[in-house]
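Participant: Structure for the following, please:
(2 chains)
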Amino acid sequence: MKLTIKYFGLVAEAANKFEEVMELNGELTARELKERCLNGLSIRDKDSVQIAVNQNLDDKITLKDGDEVALLPPFAGG
Amino acid sequence: MNRYDRQIKLTEVGYKGQKKLHNAKVLIVGVGGLGCPAAMYLAGAGVGNIGLMDHDKVDLSNLHRQVLFQESDVGRSKSVVAKERLEKQNSEVKFQVYEEPLTIENAESIIQQYDIVLDGTDNFETKYLINDACILADKPWVFASIYKNEGQLSVFNYKNGPTYRCVFPKSTRQNISCETTGVLGVLPGILGTAQATEVLKIILGAGEVLSGKLKLINMMQASEQTIKLNKRPEEVEKIRKGGIAPVYIDCDLKDKEQWYLDVREAFEQPKPKGKKVLNIPMGDLISRYQEIPNNQEVFVFCQSGKRSKNAIEILKNEFGFHNLKNVEGGIETIIDG
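Facilitator: Coordinates of the predicted model:
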């Protein structure tokens, strides 16, 4: 399946990109995809990064072809 | 001519709406990059009662984005200067100044006196604090955060809607401010103005309030996205039952054997762990200088490196310390990890 991943904040910075398209085989949940994407990136507190699938906050959902996944870290600047 | 004529003409406002604005009470926590433009538009619109809360002083490096302040204000209290400027803009508005930080002790009782809270803060601890106090006081709050060229915006705890903890149940230690990452002044300008817009809509009962949604803005990419949020009732219930759940952000410093002196106030975060880290706020230096070792090198730090430089001057000139070294660039440069 083909997935579009959108990166935000510190995650985008660590990944050095705002967006990428991934081709993946097999079944996986949004949370598993997050782990795969964040693996190897130097980000503290990966637990704090939230996942939205097709603009809905949800990490338990099983992904399907064409889904858009956003990885949203909290930030606090003002 | 009525000063509000141009907004009263809108069907969403009218004389009835203007009266609602006049009677409204809005607390702005943090009069900085977000709080300044928000305060100006709310005062301009005739929001009758505005609380201005900030314990910080105006710094020259604030002026590119904190549009209420002028060069002659450097060194003065942000909340006091903001009140002076805003009173000139609209003398019909009552301003209440709080030259103190929002704390676990004062949060609920202060927020209780207002209808809506506008979050102009720059740290996670205060955002969670506002969130929890608003749950307990049953008030909506308008959240915004920025990181470099990106912004997040939402209205939390509005008519039983999702709260900040429903989106981010877990905080992060990565408490990074504009001081360390840099920001173009226009970004908090956009977000602060959007926050003021949400406040006006809530007061007027007009339009679609950004509740249950998180808006993401990237100014450089010229992109925007809105994420739908769900309530996590257990997160809200935890606060209702247990009260404010303070978020303490701790950290390790790179050199465990080194003596450090932290001259920041007790509420400032992150808090370094370790037996060789002394926390003596600037105001207590004179009464507590004897706690500082004088026979080995001590690194002195604050948030940015400015206060610590002053602290070293005081300790050197008043008490003859010659073993102190300033941490230029502040705490972020000595954190491990």
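Participant: host element of B:Thr197?
Facilitator: Assigned by DSSP states H and E, B:Thr197 falls within helix B:186-204.
Participant: How confident is the prediction for B:Lys275, by pLDDT?
Facilitator: Predicted confidence (pLDDT) for B:Lys275: 85.
Participant: ranges for the strands of the chain?
Facilitator: Assuming you mean chain A. Using DSSP state E, the strands of chain A run over A:2-7, A:19-23, A:50-53, A:56-57, A:68-72.
Participant: think we crossed wires, I meant chain B
Facilitator: Counting by DSSP E, the strands of chain B are B:25-29, B:49-53, B:94-98, B:116-119, B:141-147, B:150-156, B:213-218, B:223-228, B:250-251, B:259-262, B:271-272, B:277-279, B:298-301, B:324-326.
Participant: distance of B:Val186 from B:Gly151?
Facilitator: According to Cβ to Cβ, to the nearest Å, B:Val186 and B:Gly151 sit 11 Å apart. All C-beta spots, glycine's among them, are computed from the backbone N, C-alpha and C.
Participant: more neighbours, these two?
Facilitator: B:Gly151 (26 against 14; other Cβ atoms under 10 Å in any protein chain shown).
Participant: is it true that that one touches B:Leu184?
Facilitator: No. In this structure, B:Gly151 is not within contact of B:Leu184 by Cβ atoms under 8 Å, at 11.2 Å.
Participant: Retrieve the pLDDT associated with B:Ser304.
Facilitator: So, for B:Ser304, pLDDT stands at 88.
Participant: Is it in contact with B:Thr333, as I believe?
Facilitator: No. Contact between B:Ser304 and B:Thr333 fails when scored by Cβ under 8 Å: they sit 10.1 Å apart.
Participant: okay, the two: which has more neighbours?
Facilitator: Counted by other Cβ under 10 Å, B:Ser304 and B:Thr333 do not tie: B:Ser304 has more neighbours, with 20 against 12.
Participant: Backbone torsions only: list them for the more buried one.
Facilitator: Backbone geometry at B:Ser304, expressed as degrees, to the nearest 10, gives phi -120, psi -10.
Participant: For the chain, which segments count as helices?
Facilitator: Just going to use chain A. A:9-15, A:30-38 (DSSP state H).
Participant: that's the wrong chain, I meant chain B
Facilitator: Under DSSP H, chain B gives helices at B:5-8, B:14-23, B:35-45, B:78-89, B:107-111, B:124-137, B:164-167, B:178-181, B:186-204, B:233-242, B:285-288, B:306-319.
Participant: Could you pull up the contacting residues of the spatially closest residue to B:Asp255 that is not a sequence neighbour?
Facilitator: Taking Cβ to Cβ, 6 or more residues apart in numbering or on different chains, and ignoring the residues beside it in sequence, B:Asp255 has B:Ile334 as its nearest neighbour in space, at 7.7 Å. Applying Cβ atoms under 8 Å, 6 or more residues apart in numbering or on different chains to B:Ile334 gives the contacts B:Leu253, B:Lys254, B:Asp255, B:Tyr260, B:Phe299, B:Phe301, B:Val327.
Participant: okay if I get these as JSON lines plus distance to B:Thr197, neighbour count and pLDDT?
Facilitator: Converted to JSON lines, those look like this (distance: Cβ to Cβ, whole Å; neighbours: other Cβ atoms under 10 Å in any protein chain shown; pLDDT from 0 to 100):
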{"residue": "B:Leu253", "distance to B:Thr197": "42", "neighbour count": "20", "pLDDT": "88"}
{"residue": "B:Lys254", "distance to B:Thr197": "43", "neighbour count": "10", "pLDDT": "86"}
{"residue": "B:Asp255", "distance to B:Thr197": "47", "neighbour count": "13", "pLDDT": "87"}
{"residue": "B:Tyr260", "distance to B:Thr197": "44", "neighbour count": "19", "pLDDT": "95"}
{"residue": "B:Phe299", "distance to B:Thr197": "45", "neighbour count": "19", "pLDDT": "96"}
{"residue": "B:Phe301", "distance to B:Thr197": "39", "neighbour count": "27", "pLDDT": "96"}
{"residue": "B:Val327", "distance to B:Thr197": "40", "neighbour count": "21", "pLDDT": "95"}
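Participant: what does the stretch 1-150 of chain B put close to chain A?
Facilitator: B:30, B:32-35, B:119-124, B:127, B:144-148, B:150 (Cβ under 8 Å from any Cβ of the partner chain).
Participant: Now with 10 Å, please.
Facilitator: B:29-30, B:32-35, B:65, B:119-128, B:144-150 (Cβ under 10 Å from any Cβ of the partner chain).
Participant: try the stretch 201-337 of chain B
Facilitator: So the stretch 201-337 of chain B meets chain A at B:213-214, B:216, B:218, B:220-221, B:223, B:225-230, B:232, B:249, B:251, B:335, B:337 (Cβ under 10 Å from any Cβ).
Participant: Can I have the buried ones of the residues you listed as a PyMOL selection?
Facilitator: The PyMOL selection below is limited to those of those classed as buried (16 or more other Cβ atoms under 10 Å in any protein chain shown):
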select buried, chain B and resi 213+214+216+218+225+227+229+232+249+251+335
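Participant: Nearest residue to the middle of chain A?
Facilitator: Most central in chain A under Cα atoms, centre = their mean is A:Leu71, positioned 3.6 Å from the mean C-alpha point.
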